[in-house]
Each structure stands twice: as structure tokens, then as C-alpha cells.
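Q: Provided below are the primary sequence and the corresponding predicted coordinates.
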Amino acid sequence: MAILSEEAASGPEPTALELGLESAEKPRSMFARGWEVFAENKLALASLVVLVLIAGFGYLGPLFYHGDVTKVNLNAVTMGPSALHPLGTDQYGLDFLGQLMRGTATSLNVGLAAGLIAAVVGALYGAVSGYLGGWVDALLMRIIDAFLSFPLLFLLIYINTVFGKSQLTMIGEIGLISWFPITRLVRGEALAIKVRDYVAAAKMMGGKGSRIIYRHILPNTIGTSIVNTTFSIADAVFLLSSLSFIGLGLQAPQADLGGLLNTGTQYASQGFWWLVWPPAVVIVLIIMSFNILGDALRDAVETRLQKR
Amino acid sequence: MALLELNDVRTQIRLKRSVVHALDGVTLSVDEGETLGVVGESGCGKTMTAMSIMQLLPNGGSVVGGEIVLGGRNLLSLSEAEMAKVRGNEIGMIFQDPMTSLNPTMTVGRQISESVRIHRGVDKKTAHARAVEVLSLVGMPSPERRALDYPHQLSGGMRQRAMIAMALANEPKLLIADEPTTALDVTVQKQILELIDSLKERLRMAVILVTHDLGVIAGRADKIAVMYAGRVVETTSTEALYANPRHPYTEALFDSLPERGAESGTKLYSIPGLPPDLSNPPAACRFAPRCRYAQDRCREADPQLEGETSQHQYACFFPVGEVERSARAVPVTLTEATSDEEIPQSRIGQPLLTVSNLVKEYPITAGAVLRRKIGAVSAVADVSFTIYEGETLGLVGESGCGKTTVGKLLVGLEDATSGAIEYEGRNLAKEKHAREAVRKQIQLMFQDSYAAMNPRMRVRTVMREPLDIQKIGDKAARDARIRELFSEVGLPQSALERYPHEFSGGQRQRVGLARALTLKPRLIVADEPVSALDVSIQSQVLNLMKELQVELGLSYLFISHDLSVVRYLSDRIGVMYLGKLVEIGPADSVYANPVHHYTRGLLDTIPVADPEVEKAKEDKGISGELPSAIDPPSGCRFRTRCPAAQSLCAEQEPPLVEFGTNGHLAACHFPLRTADGTPTAAAELPHPTGATAAAEPEDAQA
């Protein structure tokens, strides 16, 4: 049935110009176009630089700076900054700059992994729940309600007791309790998107549910998802810090920024500022930068804001 | 001296990277008791003119030059506080969508009295009394009660009446109506326009009526300003403009009207290209790139607004009618109106799809868990018709009459409550199996093709999706098919890499059509495919649809509220009212010899771009508003608005019977004519006027 093979009867093909389309040069990649929008946001660029510096500090720093962070030296406890120890030492005489590097790396590890887990699980769960609707949606949402009605602290203590206080456990438990907000937001968007005409169009072509979720619903919730992924990374860093601060976090000698801060505040009254300010500042910088980054990324993935 | 004068007004909107010259030297004037119509394509500065007068410009916008003089005062020299006193007091404004312009959390009465209290400084009680008074002035039924209603409790027409009441509460000298009826049904549109007209007479106001619809202003405006690219290109009295347009742009707008093509059977003229980018407007005549008469001089110099008299001015070096057309430059358009040979009757073949006794009801449920059924919305009630191969069946009616639902049932987006849709010997309404199998062959063309395309997909992906889903061909074959379709609908290949938002409305509708064609369907259900488009662009899409039909042997079910568009494209027309098919027959027959009172009412209501016709049909058309489909009237559903209704109409539902031999059917107890065409007594019945009708409209739908 080659009904379309004949020449179009509408005369010569109108050129792009006559139709008012600027001539499009070679299409640029999604990334290049997104970067352009992103780069317009100077604050976001600054945040990105800050995050890169912090990541470099945490992951690459130990390769260049060999402060002793394992051997207790009781002759050099709580010493102020000096040439030997740029950020002084803690109550065991361990080099604090080196500890800060390790702590930063740990915080970033847990934050990134837990945040991403929360985002992926949350977005999928929310999209499926919203798209299917009806009793499936009701059931899936009640499961979340059940989770939320659980005393989380109790749950965390239980998990810590059973699985130990390793980085992996932390990633798992923080991921487990932080996917609910994304789920709810994505579900809300899925409810709105599934009645759009383009979903109707896909159904009319014979598109199945999985395709519609994967090709139409998830891509259109990307703005929400991305912003909230960065938020949940920031939240995970914050949560880990909080847990460590109240002693539910990582077990020594492992420490994250929150653990370091916890130690530092115990000596705050004695004026050991170098044990308090550095971890606090790094925590704040990480959380703020991720939040700013989230806003800029939402704009960057918005095709309507991109130029050719 | 004129009440309002705009002298060389220049408005700019500062964007991140550029400055848009939204108005570039607009000169207008309106006298007391006069209606000025402002027309043009979208993006030509019509709304910007209104907003500049009100000084309610969007962020970054400001009037940078010229003067706006209202009653001897230059509004541009007023401070914001002084301007606030002018707005709503000396100038009233009505917006397009009354739902979004009314505050949903305040009663209508309070919203009106608010403006009275601000401007007159009276107490609450007096202000409320004034609110009730203006509500009755605008023909709101039982104004005391309605004043206590919230906006959502009113129907669209009543909301617009409330908006008008609010605009008039302080008896402004000038009323600006920005597309006041675009969001309303034709039958309501007529009532609102008549209301504005009569209020103008009574209050001696000046009215600025901004619209894209040449039919709307034909009967309403005393003089007209045609705008193009931020400028007035032609201005004169309404009669002179319609009889003797001088600017090629005005002429082209008229030539694009589908009723012109329907009458002569010719292809519609369409204006090629798009209006210029106003952030960097050309120094020459702005219309030259799209003008069929443009010559070298037009591309070099900028014509000024002038004319032999001050009454008729235009900005063109080579005005229409001055030089013989043959002596003019060769037309540069692709789609010059050429006479299309009569479509041979043989094009229409065997029945393709037969709908019989189709019913669709949406249940109304109560309770979150058990969802008891407490009622049903009767969207489609016992509708039967046949679509033949290669024909276009037009479906018209007010919104809420079930046209779109019929379309959705045909393409399988909704399940029928009962009835049959027979296609190739199988009942699509019953067999889900059959529906999957023929899915490809019946496709839908959406009203808003932008909403129908995933904004995150490039158009190439959008176009390929049907092929991907149906697993047709390999990647290369799919790509080839897409390119073929794109040239078919007249879009360049380079456009495939774009995103949907990068297209203009007309181009997007082409993409929509191309996508609907991807799976080689035999029937395309087109749901209001051109209602969102400018008339100049609309004709491009209509022409394209007509061409492709002949070429590919397609059948269309063309759904629209716009009778002139339907008539241009359709071989047969079906008229729906509140879920019922009340009349169906050959397009010309339905047009020239309607049988049903509703059909005649619709025909009388549609604004025609001809001042004489428009002014002659005062007091015609349909009154009232569509009753609720939850509890439709017994017997004939149209009886509540029908001038010929008698007790029989309430007792018995009229069957669809034949009138004449050409397949013209209608369902009416007291038809307008007999089968052989002689008018009956019912045809002589007077039409109720808009004023009496407004006194008893049905309550707004839930």
C-alpha cells in the first residue's frame, strides 16, 4: 500500500525560510544546549566550582596530603593550627585536616549514593503509581503512609544493630527513608501528565503502559526529579551528619563531617575553633551548593529554555 | 475631539537578550459612542495596544514614546497612583477568559462592589446595591441571587456577563474588550456581543473591540484598525474596509476566510510565512516578505500610514485596486487561489464506517470507596451515521454537545456504553480485539497539536513513535517514511531535529497531520484542527487536508464549532445538540435548506465577515445556554431553546427522518421545511431576542 510514494501534489516544497523557520544548522546535542542555559546562572556555576573543589579536597586531597589520621599521639592532642598540622589536631592527636578530607569523602559517598537511590526508587514508584491509578495507586500510597507512620529513629537504631554501622548500611538506611518526597511529587505530576493529549496520542498508536511511563511520563517529570535528587543528596549528607552527631552514625575510626563536628562541639567551650568551623563550613557549602545546582539543572533540562 | 487618541505610541518589552518593539508608532482614535475594531493575526500588537492604554504591560514593558490622550489628559504623564484611579473608573476592560480573570474565592457581587468601593468611596451596602444594579444591567438573570454566587457556579456566558458588569460598574467612558468572546460558544458569543452593543448605546461609551475574528467585528465596529507587526496598516470605516480593502494584508486576510472558498469552491488563499520578529524589525515595509504584490521599493522603503482622505488610511506603496492587478508584480506565493475543478462525485465510495445507536454516558459517583453511581452525564445519546470512503463528514454543534466524545469513541480513546461502530464487518465498540487490529487505520488529529506532542521529544522522535510502537520497518525504513511524510505536508527536512515548541501553530498542525498519516490510516478524526490558528494559517492547513484527501483517498470526520470551516471541507454535515444528532445531510443542502431549528439558529449565529449581512441579522440566532447533560430535557432536547416548541416536543422524542432524496435527515416534529423544500409554518416563527432569553437560561453545569 504505497499510497504515499507519489510526489506531493502541493507543488514545490516550501523552504524553511518561507515557513518562518530559521535554517537549523547541525542539531546540537541535548548536553550542549542544556549547558548553555546552565552556564547563564552564575550562582550555579559557582556552586559547581565549589562542589568540584570539595570533591577534589575529599577524594584527591589524601593523595597529596599525608596527615596522620590513624595513629593516636597523646603528646599532640588538641593542638592549634601549625605548619605541621594546618588545621590542628583532635583530642587523640590525629591530624584534623586529614580527618576532614576523609570525612568529606565519606559524607559525599553516602550522600550521593543514598540520594540517587532515593531519586531512582522514588521516581519509578511515583510514576507507576500515578499512571496506573485506581486501587494500585491507593495501595502503593498506603505503603508509604505505613512507612511514614513508623518511628524512623527506632527503625534506624534497629537497622544499625542488625547490620552494623558501615558506610553501606548508612547508604541503605538513608536511601530507604528518603525516597518518599520524590515519590509523592512524581506521582502528582504523573497524574497530571497521564491525561495530556500526547499520552492519549501514544495510546492511540497502540503504546503500552511501560512505554508511556518510560518515554512520556518520566521524561516530563525530569525537572521535578532532578531538583529533588539534588535536594535529597543534600538531605542525605545532612541526615548522615545528624545521625553521627547523635551517635547513631558511622563507627570510629570511620567518621563523616557530622561525626567530626560532633567531636568538635564537645570542645567548643575550650575555644578549639579549628575542630568546629571547618566541618561545619564544609557541610553548609555542600548542602547549599547542591540546592542551587538543583534549581539550575531544572532550567537546563527544560527544552523550552534551550536555544538551537 | 476624540475621546481617546493614540499618537505614535511606541511600546517596548525588554527581554534578557533583546528588546521587542511590540508597538512601533500606533496612531488611533475613538470617539464617544463609537466602536473601534482592532484586528490582525496573533502577535501583531492588538493586545499590546490595549495593555499600553491601560498601562498594564508585562514585565519589562514600557511605553517609550508617543502619547495616549484620554479626555484631554495624557495618560503617559500620570503617576501610577493616578493611573490606578483611571483604570476601572474611566476605562473598563474585559478579558478573554472570564474564568481566569475572576477571583474564585470571592463572590461575584463582592468583586464588583470592590471596584465601586475603591473608586467611589461608598460604604459596603451601597456598593453591593450598585453591584446588583449593574448585574441586572448586563442581563444577568436574578441578579440578587447571582451576586452571592462564586464564579464557578456560573456558566461561561454568565461569567463573561459578570466581567462586563465589573468593567461597567463605575460607568467608564471607554470599554476595552480584548477577545471578549473567543472562549465562548457561538450562540453565547452573539448574546455577549449584542450586550456590549446595547450597553454602548445606553451608556454612550466608546468601545475598543480587539479580536482576530473578521466576522465578529463586521457587525459591531463603526471603524476598524488593521494591525500588522506592531503597527496600524489600514484604518477606515467598517463598510469601506470590507467593501474596498486597500492594504494587501487586509485583502489577504479576507481571502483566507473559509466562507469565501466554500462559496466559490476555490482553494483558499493563505499568507505565506510568519509575521516578522519584532525584536529586530525590517526597515522596509514589514509585510513585504509575505505580500503577493511586493516590489523592490517595498523591500527598501517604509510606507507611511496615509491616504487620499483622513477617513481611509493605509500604509502601502501599491494599494489594492489602484493599479490593475495584471500590471502588478507577479505574485510570489505558492498557493495563489486557483480554481479547483469540481471534485468528482466518484471520489466518494463505499461505506467505510457505520455508527449505530451509539451511546456514551459518564457515571457520576459519590463516595470515595464504594463509588455509588448517583447519576450519569449523557454525552452521546443514540447517534447513528455512516462515513463513506473518501468523504468528509463534518460534525458541528456547541461545546458540550458530544462532538468530541464521538470522535474519541471512534478512535478508541473511550469505550462506548452501548451501540455499535462497524468497520470492515467488525464491531469496534464490542470487540476490543478488533479495535487493536484496526487502530492504525483510524487516527486522530488533535485540536491542540502542541499538547499532543511530548515537549521533550524532538519532532523526529514524535513522528517515529507510531512506527516504533507498531514495529513497522527497520530504522532506515522508518526514517525514510518520516522524511516522505514531512515533504508531503510541506515541511523542510531540517525541521525534524526541532522540538515542538520551536514551531508556529500552523506548522505544528502540519506535524500533527503528518503524524496522523504515519500509519497510513483510512479515516482521520480531526477534532477542531484549526480552531486555535489564525485565519491566514488556518487556510494553509485546510488546503493541505483537502489535497491529501484527494491524493490518499482519506476519509475525515471533521469536528468543529465553526460552521464556515466545516462547510469548506465537508461533503456532508451532521449537526449535534446535547448528545443527539439532530440533522445530517449534504453540506450544501444543510446550509441552504436547514430543516432543524437548531441548525438554522447556528447558521444565523455564526458571524460572517460582511457588515451588511451582519447588521441585517439582529435578533436572530439561538438564545439561552446549553442545558445540563446530567438531566437532559425530555422529548426533543432542543425544546427548551426552540421557538417552535410545543407540548408534543416535551412528550415525544422526534425520530431522524428523511427530508428529500439526497440523504438529508433531521429530527424535528415541526420542521422548517417539508421534504420537497416548501417552508412550513414553523419557519415563520419569530426568533426570541437575546434580552428575553437571558432572563431564563439554564443553571450552569456542575
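A: Yes, it's here.
Q: show me what secondary structure element comes after the strand or helix carrying B:Ser356.
A: B:Ser356 is located in strand B:351-366, with elements delineated by DSSP states H and E. Following strand B:351-366 in sequence order, the next helix or strand is strand B:372-388 (DSSP H and E).
Q: so what strands line up beside the next helix or strand after that next one?
A: Toward the C-terminal end, the helix or strand that comes next after strand B:372-388 (DSSP H and E) is strand B:392-396. Strands flanking strand B:392-396 in the sheet, each with its direction: strand B:555-559 (parallel), strand B:572-577 (parallel) (DSSP bridges).
Q: would you reformat those strands as a markdown table and include mean neighbour count?
A: Bear in mind the C-beta positions are built from the backbone N, C-alpha and C, glycine included. Shown next, in a markdown table, are the strands paired with strand B:392-396 (neighbours: other Cβ atoms under 10 Å in any protein chain shown):
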| stretch | mean neighbour count |
| --- | --- |
| strand B:555-559 | 26 |
| strand B:572-577 | 26 |
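Q: now render those as TSV, adding mean pLDDT.
A: Compiled in TSV, these are given as follows (pLDDT from 0 to 100):
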stretch	mean pLDDT
strand B:555-559	94
strand B:572-577	93
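Q: would you reformat those as CSV and include distance to A:Gly34?
A: Supplementary listing: the strands paired with strand B:392-396 in CSV, determined by distance: least, Cβ to Cβ, whole Å:
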stretch, distance to A:Gly34
strand B:555-559, 39
strand B:572-577, 47
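Q: quick one: closest of these to B:Ser237.
A: Nearest to B:Ser237 among those is strand B:572-577 (34.9 Å), distances taken as Cβ to Cβ.
Q: following the closest one, which helix or strand shows up next?
A: Heading C-terminal from strand B:572-577, the first helix or strand you meet, by DSSP H and E, is strand B:580-586.
Q: what about B:Val210, distance to chain A?
A: For B:Val210, the distance to chain A under the criterion Cβ to the nearest Cβ, to the nearest Å works out to 24 Å.
Q: residues contacting that residue?
A: With contact taken as Cβ atoms under 8 Å, 6 or more residues apart in numbering or on different chains, B:Val210 is in contact with B:Gly37, B:Val38, B:Lys46, B:Thr47, B:Thr49, B:Ala50, B:Ile176, B:Ala177, B:Asp178, B:Glu179.
Q: how about the strand holding B:Ser356 and chain A, touching?
A: No: applying Cβ under 8 Å from any Cβ of the partner chain, one finds that strand B:351-366 is not in contact with chain A, the shortest distance being 13.0 Å.
Q: which residues of the stretch 151-300 of chain B fall in helices?
A: Under the criterion DSSP state H, counting those that start in this stretch, helices of the stretch 151-300 of chain B are mapped to B:156-168, B:186-203, B:214-218, B:238-243, B:248-256, B:258-264, B:296-300.
Q: before we move on, what about the stretch 1-150 of chain B?
A: Going by DSSP H, counting those that start in this stretch, the stretch 1-150 of chain B shows helices at B:46-54, B:80-86, B:98-101, B:108-120, B:124-137, B:143-146.
Q: now tabulate those in a markdown table and tack on mean neighbour count and distance to B:Arg372.
A: As requested, these are arranged in a markdown table below (neighbours: other Cβ atoms under 10 Å in any protein chain shown; distance: least, Cβ to Cβ, whole Å):
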| stretch | mean neighbour count | distance to B:Arg372 |
| --- | --- | --- |
| helix B:46-54 | 23 | 47 |
| helix B:80-86 | 13 | 52 |
| helix B:98-101 | 16 | 30 |
| helix B:108-120 | 21 | 33 |
| helix B:124-137 | 19 | 38 |
| helix B:143-146 | 17 | 31 |
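Q: who wins for proximity to B:Pro319 among the ones you listed?
A: Between B:Pro319 and these, the tightest spacing by Cβ to Cβ is seen for helix B:46-54, at 22.2 Å.
Q: put the alpha carbons of that closest one into CSV.
A: What follows is helix B:46-54 as a C-alpha-only set of coordinates in CSV (Å, rounded to 0.1, in the frame of the first residue of the first chain):
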residue,chain,number,x,y,z
LYS,B,46,-3.5,44.1,19.3
THR,B,47,-3.4,43.2,22.9
MET,B,48,-0.3,45.3,23.5
THR,B,49,-2.3,48.3,22.3
ALA,B,50,-5.0,47.6,24.9
MET,B,51,-2.4,47.0,27.6
SER,B,52,-0.5,50.1,26.7
ILE,B,53,-3.7,52.2,27.1
MET,B,54,-4.3,50.6,30.5
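Q: so what secondary structure elements neighbour that helix?
A: strand B:4-14, strand B:19-30, strand B:35-39, strand B:61-70, strand B:91-94, strand B:174-178, strand B:206-210 (3 or more Cβ pairs under 8 Å, 6 or more residues apart in numbering or on different chains; DSSP states H and E).
Q: contacts only, for A:Leu148.
A: When contacts are counted by Cβ under 8 Å, 6+ apart, A:Leu148 is found next to A:Phe180.
Q: and it, what are its phi and psi?
A: The phi and psi values for A:Leu148, taken as degrees, to the nearest 10, are phi -70, psi -30.
Q: that one and A:Gly172, how far apart?
A: 18 Å (Cβ to Cβ, to the nearest Å).
Q: ok, back up a step: just the helices of the stretch 151-300 of chain B: most buried one?
A: Mean neighbour counts were taken over the helices of the stretch 151-300 of chain B using mean count of other Cβ atoms under 10 Å in any protein chain shown, and the top value, a mean of 26, falls to helix B:156-168.
Q: tell me how far the lengthiest helix in chain A is from the chain's mean position?
A: When secondary structure is assigned using DSSP state H, the longest helix within chain A turns out to be helix A:96-132. For helix A:96-132, the gap between its own C-alpha mean and the chain's C-alpha mean amounts to 5 Å (Cα atoms, centre = their mean, to the nearest Å).
Q: so for that helix, mean pLDDT?
A: Over the span of helix A:96-132, the pLDDT mean works out to 91.
Q: does that helix reach chain B?
A: No: where contact is defined by Cβ under 8 Å from any Cβ, no part of helix A:96-132 touches chain B; the two come within 14.2 Å at best.
Q: buried stuff in that helix?
A: Of the residues in helix A:96-132, those buried by neighbour count under the rule 16 or more other Cβ atoms under 10 Å in any protein chain shown are A:96-119, A:121-132.
Q: could you do stretch A:299-308 as well?
A: Residues of stretch A:299-308 classed as buried: A:Asp299, A:Ala300, A:Val301, A:Thr303, A:Gln306 (neighbour count, 16+ other Cβ under 10 Å).
Q: mind checking the pLDDT average for it?
A: The predicted confidence, averaged over stretch A:299-308, sits at 73.
Q: what about the closest residue to B:Gly400 other than its chain neighbours, neighbour count?
A: If you skip the residues right next to it in sequence, B:Gly400 has B:Leu626 as its closest partner in space, 5.2 Å away by Cβ to Cβ, 6 or more residues apart in numbering or on different chains. Each residue near B:Leu626 was counted by other Cβ atoms under 10 Å in any protein chain shown, and the total is 27.
Q: how much space separates B:Leu626 from B:Arg161?
A: Computed with Cβ to Cβ, the distance linking B:Leu626 and B:Arg161 is 16 Å.
Q: and the stretch 51-200 of chain A, which residues reach chain B?
A: Counting by Cβ under 8 Å from any Cβ, the residues of the stretch 51-200 of chain A near chain B are A:Arg196, A:Asp197, A:Tyr198, A:Ala200.
Q: for the stretch 201-308 of chain A, what are the low-confidence residue spans?
A: For the stretch 201-308 of chain A, the stretches flagged by pLDDT under 70 are A:307-308.
Q: export the contacts of B:Val210 to JSON lines and tack on pLDDT?
A: Formatted as JSON lines, the contacts of B:Val210 follow (pLDDT from 0 to 100):
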{"residue": "B:Gly37", "pLDDT": "93"}
{"residue": "B:Val38", "pLDDT": "94"}
{"residue": "B:Lys46", "pLDDT": "89"}
{"residue": "B:Thr47", "pLDDT": "88"}
{"residue": "B:Thr49", "pLDDT": "92"}
{"residue": "B:Ala50", "pLDDT": "91"}
{"residue": "B:Ile176", "pLDDT": "93"}
{"residue": "B:Ala177", "pLDDT": "92"}
{"residue": "B:Asp178", "pLDDT": "90"}
{"residue": "B:Glu179", "pLDDT": "87"}
